[in-house]
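K.L.:
return a 3D structure for these sequence lines:
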Amino acid sequence: MLKTSIIIASYGRPAQLATTLRRFPVKPMWDFGAELILVGSAPDENTAAVFKQYAEIAPFTVKWAMASDPGFAHAQNVGLTMSEGELIVFTDDDCYVEESYLSTLHAKFDRNAFQYGCGEIGIVHPEDDPVVANTEWWSFEERVILPPHSLIAPGAIQGANMFFLREVLATTGGICQVGPLDNNDIMTAYLASRAGYTGVMLRGPKVYHDHGRKRNSPEAQRTRDIYAKITGAYFAQLIAIGKKDVFEFWKTRLHGPGGAIDFRRLELELRAAADELAWLQESSRPERSAKVA
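P.N.:
As a prediction, this is how the structure comes out:
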């Protein structure tokens, strides 16, 4: 049985964080000898207080820390250095982990068939927007394999419920952000694929996303816009490292529901791509170049 570490990064939402931890499955963590790693993505006394209180009462291993530098991906990498598991699971502070999550993940995880992937993400309230970190659009019954050396589509791997063998993250350099947007999933997954690892979209292990953004609300639209910017930045990263087939893939995403071109999304993606290319050109951080080389 693979020792498992679950990492949650949080900042500025102590009430939501406390609710998430109250609903966190306790007995399975004990039964599987798993550990929970809690990391604040910036100094925040209220978040730290919730971490400390939970660590004191939990009957399984809980480690926590506050990252000295801001950034969600950075906080997750801090958590990664603190973890001891061979299988690393990432979820968010507004996601409720299903009681059967660990038993299902361990039953279905096959390191010979895949080494990283994404589990199911459902919404908590029917009125919440289903586009925000959600996998209920999946149409398959069991799993979809993402072959090595393939282009990982936006949304295939989602940070609210993603998992990696430790060796994969050691090879990719840990959780990788996309430019200043600090996205934590899409580029990390692509680098895993590029390194020769196989991914999976896996039914079974599930979390419920309590994001609170109602259908057709301004908050939901802002999140959709953020996704478009992340996608554009991601495509720019691929272009910058010579992934030529990204242009063909990009064309398949031009049309929205009904077949019409989604000009709002396209504009946001193109602007973000241009900003990302400018950011890459100006960036001189050697560790950045090492991750995408």
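
K.L.:
which stretches of the stretch 51-200 of the chain form strands?
P.N.:
Counting by DSSP state E, counting those that start in this stretch, the stretch 51-200 of the chain has strands at residues 61-66, 87-92, 95-97, 116-123, 143-146, 161-165, 199-209.

K.L.:
could you dump the ones you listed into CSV and include mean pLDDT, mean neighbour count and distance to residue 105?
P.N.:
C-beta here means a position set from N, CA and C on the backbone, and glycine is covered the same way. Listed next are those as CSV, based on pLDDT from 0 to 100; neighbours: other C-beta atoms under 10 Å; distance: least, C-beta to C-beta, whole Å:
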stretch, mean pLDDT, mean neighbour count, distance to residue 105
strand 61-66, 97, 18, 18
strand 87-92, 97, 24, 7
strand 95-97, 98, 23, 10
strand 116-123, 97, 23, 7
strand 143-146, 98, 18, 12
strand 161-165, 98, 25, 7
strand 199-209, 98, 22, 4
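
K.L.:
any chance of CSV for the ones you listed, columns distance to residue 110?
P.N.:
Rendered in CSV, the data for the strands of the stretch 51-200 of the chain read as follows (distance: least, C-beta to C-beta, whole Å):
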stretch, distance to residue 110
strand 61-66, 26
strand 87-92, 12
strand 95-97, 21
strand 116-123, 10
strand 143-146, 9
strand 161-165, 11
strand 199-209, 9
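
K.L.:
of all these, which lies closest to residue 17?
P.N.:
Residue 17 sits nearest to strand 87-92 of all the strands of the stretch 51-200 of the chain, at 9.8 Å, using C-beta to C-beta.

K.L.:
any low-confidence regions in the chain?
P.N.:
The chain contains residues with pLDDT under 70 at 179-182, 284-293.

K.L.:
residue ranges of the helices in it, please?
P.N.:
Ranges of helices in the chain, per DSSP state H, are 14-22, 27-31, 45-57, 72-82, 101-108, 166-172, 186-194, 218-240, 246-251, 263-282, 286-292.

K.L.:
of those, which stretch is the most buried?
P.N.:
helix 186-194 (a mean of 25; mean count of other C-beta atoms under 10 Å).

K.L.:
next, the angle from that helix to strand 199-209.
P.N.:
Inter-element angle recorded for helix 186-194 and strand 199-209: 150 degrees (by axes from the mean of the first three to the mean of the last three C-alpha atoms, to 10 degrees).

K.L.:
for the closest residue to residue 101 other than its chain neighbours, what are its contacts?
P.N.:
Using C-beta to C-beta, 6 or more residues apart in numbering and skipping the chain neighbours, the partner closest in space to residue 101 is residue 205 (5.0 Å). Going by C-beta atoms under 8 Å, 6 or more residues apart in numbering, residue 205 touches 98, 101-102, 104-105, 108, 119-120, 161, 163.

K.L.:
at 10 Å what do you get?
P.N.:
Contact partners of residue 205, counting by C-beta atoms under 10 Å, 6 or more residues apart in numbering, are 89, 97-98, 100-109, 117-120, 161, 163.

K.L.:
what do you get for residue 51?
P.N.:
Going by C-beta under 10 Å, 6+ apart, residue 51 touches 8, 10, 14, 17, 21, 38-40, 44, 62-66.

K.L.:
closest to residue 143 out of the residues you listed?
P.N.:
Looking across those and measuring by C-beta to C-beta, the closest to residue 143 is residue 8, at 24.6 Å.

K.L.:
distance of residue 226 from residue 232?
P.N.:
11 Å (C-beta to C-beta, to the nearest Å).

K.L.:
kindly report the same for residue 7.
P.N.:
Counting by C-beta to C-beta - residue 7 and residue 232 are separated by 27 Å.

K.L.:
could you do residue 253 as well?
P.N.:
From residue 253 to residue 232 the distance is 10 Å (C-beta to C-beta).

K.L.:
again, but for residue 164
P.N.:
25 Å.

K.L.:
pull the contacting residues for the nearest residue to residue 194 once chain neighbours are set aside.
P.N.:
By the measure of C-beta to C-beta, 6+ apart, the closest residue to residue 194 outside its immediate chain neighbours is residue 149, 6.5 Å from it. Residues counted as contacts of residue 149 (C-beta under 10 Å, 6+ apart) are 193-198.

K.L.:
list residues touching both of residue 253 and residue 232?
P.N.:
Common neighbours of residue 253 and residue 232 (C-beta under 10 Å, 6+ apart) are 154, 265-266, 269.

K.L.:
tell me which two of these sit farthest apart.
P.N.:
154 and 266 (13.6 Å).

K.L.:
joint contacts of these two?
P.N.:
228, 232, 253.

K.L.:
tell me how far the first one lies from residue 222.
P.N.:
Read that as residue 228. In terms of C-beta to C-beta, residue 228 sits 11 Å off from residue 222.

K.L.:
if anything else comes up later, I'll come back, but that's it for now.
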